[in-house]
Structures are given as C-alpha cells and as structure tokens.
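Colleague: Next one to model:
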Amino acid sequence: MSNLDLKAAPQGVPTRLPEPLLSVGGLHKRYRHQDPLAVEDVSFSLDNGEILALLGPSGCGKTTTLRMIAGFEHPDAGEILLRGEDVTRLPPQQRRIGIVFQDYALFPHMSLGENVAFAMRHVPKAKRAAKSREWLDLVGLADLAARMPDQLSGGQQQRVALARTLAAEPELVLLDEPFSNLDAALRESTRKEVRRLFKAAGTSVILVTHDQAEALSFADQVGVMHYGQLIQKDRPERIYQAPATAFVAEFLGHTNLLEGEADGEIARTALGPVAIDSHRRGPVRLSLRPEYLALSAAPDGQGATIVEREFRGHDCFYLLEQHGQHFCAITPSHSLWKVGEQVSLEPQRTATVLRD
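Modeller: Next up, the predicted model:
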C-alpha cells in the first residue's frame, strides 16, 4: 500500500501520512557564548512541491535557519531530515539542496550556457550544452546562452541563477532574499514568473524575506520569525486574518489592537461590542484589521474624527481618533470621507483573540 493510498487501509488500521520532504526539529544556534540565541527551538516541515516563506525583520534568525538547512552552519541542537534522512551534519554538497543567493553568484567569466552547465556534473559532458539550453529555455533565455552575465538585466540574471539551480536537480531550493536587488516593478513580475516556474516543476522551496507582500503572494505557507523563534506558521490568508500575537498582527500590516472584556463570543472594547473568534471570558487582547471596519455618518460629537486620510487609488486609508484613542480603517476609494468629518466605526468581521 502506498503512503498516499489512504482509502486502501482496512477499517481500524492506522494509515500513514505522506512523509514530508523536509523536517526541521528543535533547531538552536548561538554564534558566541555571550550572544543571545540566533535561532531558538525552531521546528517545521515542508511537503513535496510546497513553497514556504520565512518572514521577519533583520536579525530574527531566518537566514541562520536557511544556512543550517543548506549546511553552511551547524546547529548547536536539533535535527534536519531530508526525505527522512538525517542530514544535520552532512556537508552542503551532499544534501541535494540548491540555493539562489541575493547577488545571484553567477560566474562572470562564463557565458550563460556555461554557468548553467557547471551545475550539471551528473550529466555526461557531451550532453551538457544541450541540457543547459533546455534549462535556459525554461526561463525564457535560450537565445541568450552565449552572452555573459554582465550583458543582462537584473531580472535576467535572476532567471539564469534559477536555471542553474534547477539544472542540478535538487530535492529542495532555498532562496535568500532573491528579489531584493530588483526595482519594484521588475521585482513583482520576476517574482510571479519564478513562482510559476517552481509550481510547473513541482519544486519544493524555502524563501527568506523581510517583505510581507512578497511572502504572502509567493508562498503556500508563511512562517513569521522574531528573536530567533518561529512564532506562527500557516497559510498566507490565515496568518494575515488570524495572527497569533500582536507582533505577527502588526508585522503583516496595519491593524487595530484592542483591549477588551470577553463574555462568550463578544468582547466589550473602545469600539463597543465586537464579535471575537473564540469563546472567552475575562480580559482579552484583540486584532481587528482596518479593512474590517466600515465607516458611516455620525452626528457631530458622537463619532470618531478623521485625523488623516491617505488616498491609494484602489482604496483609502484613514486614521481616526475617538475618546483619546486612535484607530485605522481602509475603505474602497469610491466613497471618500474628509479630514475632520465624524463617522461611526462598525466592525464587519470578528476580531482575533491574541495569545499575548
């Protein structure tokens, strides 16, 4: 019986779930004895064909985690399994893992074709040129195989680096801030194209980034790191809509952090009664995204006052003040309010109860 054939198991016999491609368990890393932990008890798994983004501010441990998976750093504790094999102490060249760096790391003295062929040591020399062209064709650069890296744009160099990585036929691809050197427009288009290529090839990927929009749009799963810990890992829409902590809520975008007193599935807050996403009693801290607030006209002196307005084309961001507290709201731009107007704030969705 295959691990994937869940229906074939007789009734009452436990079925085996598909083995994850990568399992990371209890990773710890401290660079110097007096330093705080760079990575503390990080555990997660990655399925075949899945894209995971490790997201967080500078110094949160995401790149150190990536380097331990690649084999460039050894953990002080914990294990790394690749298809069930313990690779924690294996050197990088024995891990079947490809990595694309921020600076692309192309060989400047080699043509594009030669750069890609360099990764194909498992392919007979006589076949490498043709195979190299096939990989370049996959990223739309086969006609430029004879060019040198300095003759390409940043986006083209990124695609060559990707082709070279895929040509080695790795089990897993690691991306270390790969789009950060591109301008905004090129970054978005390149990101979409790279994701399409990975999905077409069924490649498993871990992306390290500090860019929230990049993580949410590129990955199937997002893991938010802070002070060396993996705070929350979930689907992009889930981690945005239901953050576990105030840090996750604020790092992923604007939010209203509310203190409240819960009674069942309702909490009393400065905004009035707010529905919450779990049954609670007593003090709670809540996150309510600004797009979950609707604005409506309020009599003078009886609502929130708009103190700032930021028109953004497709929507409008408002900063509001009520009873000495500030709130934010995002509404469609077809209905605009002016600075100084008073409005009622009406929650349209449940607020998330935070664990801190």
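Colleague: If we ignore the residues flanking it in sequence, what's nearest residue 69?
Modeller: residue 80 (5.9 Å; CB to CB, 6 or more residues apart in numbering). Glycine gets a C-beta too; all of them are placed from N, C-alpha and C.
Colleague: Return the per-residue confidence for the one you found.
Modeller: What the model reports as pLDDT for residue 80 is 98.
Colleague: Burial check on it, number of neighbours?
Modeller: When neighbours are counted by other CB atoms under 10 Å, residue 80 registers 24.
Colleague: so residue 141 makes contact with residue 158?
Modeller: No - here residue 141 lies out of contact with residue 158, judged by CB atoms under 8 Å, at a distance of 10.6 Å.
Colleague: residue ranges for the helices of the chain, please.
Modeller: For the chain, the helices defined by DSSP state H occupy 62-70, 112-118, 125-138, 154-167, 184-201, 212-218, 236-241, 246-251.
Colleague: Between these, which one is closest to residue 92.
Modeller: Closest approach to residue 92 among the helices of the chain is made by helix 62-70 (5.7 Å; CB to CB).
Colleague: From the chain's centroid, how far away is that closest one?
Modeller: In terms of CA atoms, centre = their mean, to the nearest Å, the centre of helix 62-70 is set 15 Å apart from its chain centre.
Colleague: about what we covered before: between residue 141 and residue 158, which is the more surrounded one?
Modeller: residue 158 (25 against 21).
Colleague: my guess is that one meets residue 104, correct?
Modeller: Yes - using CB under 8 Å, residue 158 is in contact with residue 104, at 6.1 Å.
Colleague: Mind listing the shared neighbours of these two?
Modeller: Contact criterion CB atoms under 8 Å, 6 or more residues apart in numbering; residues shared by residue 158 and residue 104: residue 178.
Colleague: list the contacts for the residue nearest to residue 69?
Modeller: 22, 23, 24, 25, 27, 68, 69, 86, 87, 88.
Colleague: what do you get if the cut-off is 6 Å, keeping everything else the same?
Modeller: When the contact criterion is CB atoms under 6 Å, 6 or more residues apart in numbering, the partners of residue 80 are 24, 69, 87, 88.
Colleague: Which members of the residues you listed are the farthest-apart pair?
Modeller: Within the contacts of residue 80, 24 and 87 form the most distant pair, 10.7 Å apart (CB to CB).
Colleague: Looking at those two, which has the bigger crowd around it?
Modeller: More crowded of residue 24 and residue 87, by other CB under 10 Å: residue 24, with 23 against 20.
Colleague: How about the more buried one: which residues does it bridge to?
Modeller: residue 44, residue 80 (DSSP bridges).
Colleague: Could you check the pLDDT of residue 218?
Modeller: For residue 218, the pLDDT comes out at 96.
Colleague: Over to residue 286?
Modeller: pLDDT, residue 286: 98.
Colleague: Return the distance of it relative to residue 47.
Modeller: Using CB to CB, to the nearest Å, residue 286 is found at 32 Å from residue 47.
Colleague: Looking at those two now, which is surrounded by more residues?
Modeller: Taking other CB under 10 Å, residue 286 and residue 47 do not tie; residue 286 has more neighbours (26 against 14).
Colleague: is it true that the more buried one touches residue 258?
Modeller: Yes - at 4.3 Å, residue 286 counts as touching residue 258 under the criterion of CB atoms under 6 Å.
Colleague: so how many other residues sit close to residue 254?
Modeller: 14.
Colleague: and it, what does it touch?
Modeller: 290, 328.
Colleague: same check, this time on the one 5 residues further on
Modeller: With CB under 6 Å, 6+ apart as the criterion, no residue contacts residue 259.
Colleague: Same question for residue 92.
Modeller: Neighbouring residues of residue 92 by CB under 6 Å, 6+ apart: 70, 71.
Colleague: cool, and residue 284?
Modeller: For residue 284, the contact set (CB under 6 Å, 6+ apart) comprises 260, 262, 267, 353.
Colleague: Residue 302 versus that one, what's the distance?
Modeller: With distances taken as CB to CB, residue 284 is found 26 Å from residue 302.
Colleague: same check, this time on residue 96
Modeller: According to CB to CB, residue 96 and residue 302 sit 65 Å apart.
Colleague: The two: who's more crowded?
Modeller: Taking neighbours as other CB under 10 Å, residue 96 and residue 302 compare with residue 96 leading, 15 against 9.
Colleague: Grab the nearest non-local neighbour of the more buried one.
Modeller: residue 171 (4.3 Å).
Colleague: Same check on residue 229?
Modeller: Leaving aside its sequence neighbours, residue 229 sits nearest to residue 40 (CB to CB, 6+ apart; 5.2 Å).
Colleague: do the same with residue 311
Modeller: residue 333 (6.5 Å).
Colleague: relative to its centroid, which residue of this protein is most remote?
Modeller: Of all residues in the chain, residue 300 has its C-alpha farthest from the mean position, at 43.8 Å, by CA atoms, centre = their mean.
Colleague: what are the bridge partners for the closest residue to that residue other than its chain neighbours, then?
Modeller: Nearest residue to residue 300, sequence neighbours excluded (CB to CB, 6+ apart): residue 342, at 6.0 Å. With DSSP bridges as the criterion, residue 342 is bridged to residue 305.
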